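Engineer: starting from these lines, generate the structure:
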Amino acid sequence: MAGGAKKKKVARGSKNNKKKKDAARDAVSELTDDVLADILSRVPIKSLCRCKSVCRRWRDLISHPEHRKKLPQTLAGFFYESYDRTRFPISARHFINVSGAGDPQIDPSLSFLPRYESIDVVDSCNGLLLCRGWKSTDPVTMDYVVCNPGTEEWVVVPDSGWSSKATFYKVRIVRLGFDPGVSSHFHVFEFIPDDVWYMNDQEEYVDGRIEVVAIYSSKAGVWSFNEDHEWGGQFAMPMDSKSVFLNGVLHLVTYYGMVYAIDVKGNVLRAIPIPRPDYDECNVGGVYVSQGHLYFAGEFFSDESGAYELSVWVLEDYNSEKWSLKHNVNPLHMFGEHYYSMFGNKFSIISIHPEHGTIFMVCGTHKRLMSYEMGRVRLRSISRLGSHSSTPYIPYVPLFSGSLADEH
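Structural biologist: Below is the predicted model:
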């Protein structure tokens, strides 16, 4: 009897718990979309991603463009291009969601922009894209266009004087700086090498080092040129050098094993040595921002393993300029035997997640997009981009609030 009574009590308690859960579900279901969106806007981004799997209503609510404006934004995916001479058009632009599933969150055509012969996405920064728009009237001249795909606003940047037919193919390195938490204004950085700056002066010795930094301020509406000879010509960098805009300063990896920090006036504030002196000039590594810190990732040869290993470092104390090793892994251990037999060392890092320690890579000849969680040591295949896809693979974090100054 006692045993039976006890069972009855447990059963009654289970029923009571079920009633409470049903009542809680009913209360949530009665909330309007606006109220629920306001509640979800206060949820941390990691938990918000999990909320998508609660029910179809929550998933649709979180994905809806109007409600997304209220929600915290994180990495949505990557822009990239493909070139295939067997199709028309030969060149096409794509957007892949970070999950690899579903329709693209962003329309890669950027159809809201003014009409150009073609448009290249060059850089992104905190929700804005920097594009080159090639003019149909003269296909070797172009405009810089800064746009926000989330709000479909755009601004044409005036010509700097170095984007002409004669110099464009040498002034290829251009970057964007923007911090919506500080201002709606942005900066465009053009890095002008000495073989362009001195192209009319035969007496100058040139080797492709950066001689001048040109900076466009959307607030001032003009370009300025920093020709400070104390640093002019002292650094060079690859065309695809990774860069990040952190605390109002542009950081990018140069040759000679340095991370240069350049302010919005073109001044070099710091030249931070990368954490490993044995860098490879053919693969200088890249800088990224995650959890508010500057990260450096690159491949280095290990005498211990006799192979190249991936090392990730974090600059936890910016003032000391000392890096701390975050993660180190042999590609064989990272990929496992199956993927390593396909990729080997044929992979390139394209981003690190801004909220947590997940690395994104493009691997192998068929350009497979993969993620690797450093904390869990877990690899995931996201999508096969195809052998015709090409760099740059540009990470994009949507910005649905705020506006561009003088936008269209």
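
Engineer: what about the stretch 51-200 of the chain, any weak spots by pLDDT?
Structural biologist: 65, 67-72, 138-140, 163-171, 196-200 (pLDDT under 70).

Engineer: can you show me the strands along it?
Structural biologist: 77-83, 91-97, 118-125, 128-134, 142-148, 153-157, 174-178, 186-193 (DSSP state E, counting those that start in this stretch).

Engineer: and the fourth one, how far from the chain's centre?
Structural biologist: Here strand 128-134 is found 15 Å from its chain centre; the criterion is CA atoms, centre = their mean, to the nearest Å.

Engineer: tilt between it and strand 77-83?
Structural biologist: Strand 128-134 runs at 20 degrees relative to strand 77-83, counting by axes from the mean of the first three to the mean of the last three CA atoms, to 10 degrees.

Engineer: list the buried ones in strand 128-134?
Structural biologist: Under the neighbour-count criterion of 16 or more other CB atoms under 10 Å, strand 128-134 has Leu128, Leu129, Leu130, Cys131, Arg132, Gly133 buried. For every residue, glycine as well, the C-beta is placed using N, CA and C.

Engineer: give me the contacts around it.
Structural biologist: For strand 128-134, the surrounding residues in contact (CB atoms under 8 Å, 6 or more residues apart in numbering) are 79, 110, 113-114, 116-124, 140-149, 156, 174-176, 178, 186, 188, 394, 396, 399, 404.

Engineer: closest to Glu227 among the buried residues of strand 128-134?
Structural biologist: The nearest member of these to Glu227, counting by CB to CB, is Leu130 at 23.2 Å.

Engineer: test of understanding: give the bridge partners of the closest one.
Structural biologist: On the basis of DSSP bridges, Leu130 is bridged to Asp123, Val146.

Engineer: which residues touch Glu152?
Structural biologist: Counting by CB under 8 Å, 6+ apart, Glu152 has contacts Phe112.

Engineer: if I look at it, how far off is Leu113?
Structural biologist: Using CB to CB, to the nearest Å, Glu152 is found at 9 Å from Leu113.

Engineer: for the stretch 251-400 of the chain, give me the ranges with low pLDDT.
Structural biologist: Short version for the stretch 251-400 of the chain, where the test is pLDDT under 70: 279-282, 305-306.

Engineer: which stretches of it form helices?
Structural biologist: For the stretch 251-400 of the chain, the helices defined by DSSP state H, counting those that start in this stretch cover 331-343.

Engineer: next: the stretch 101-250 of the chain.
Structural biologist: Along the stretch 101-250 of the chain, the stretches classed as helices by DSSP H, counting those that start in this stretch are 194-197.

Engineer: burial check on Leu36, number of neighbours?
Structural biologist: By other CB atoms under 10 Å, 17 other residues sit near Leu36.

Engineer: what helices or strands is the strand or helix carrying it leaning on?
Structural biologist: For Leu36, the enclosing helix or strand under DSSP states H and E is helix 33-40. For helix 33-40, the elements it packs on are helix 56-63, judged by 3 or more CB pairs under 8 Å, 6 or more residues apart in numbering; DSSP states H and E.
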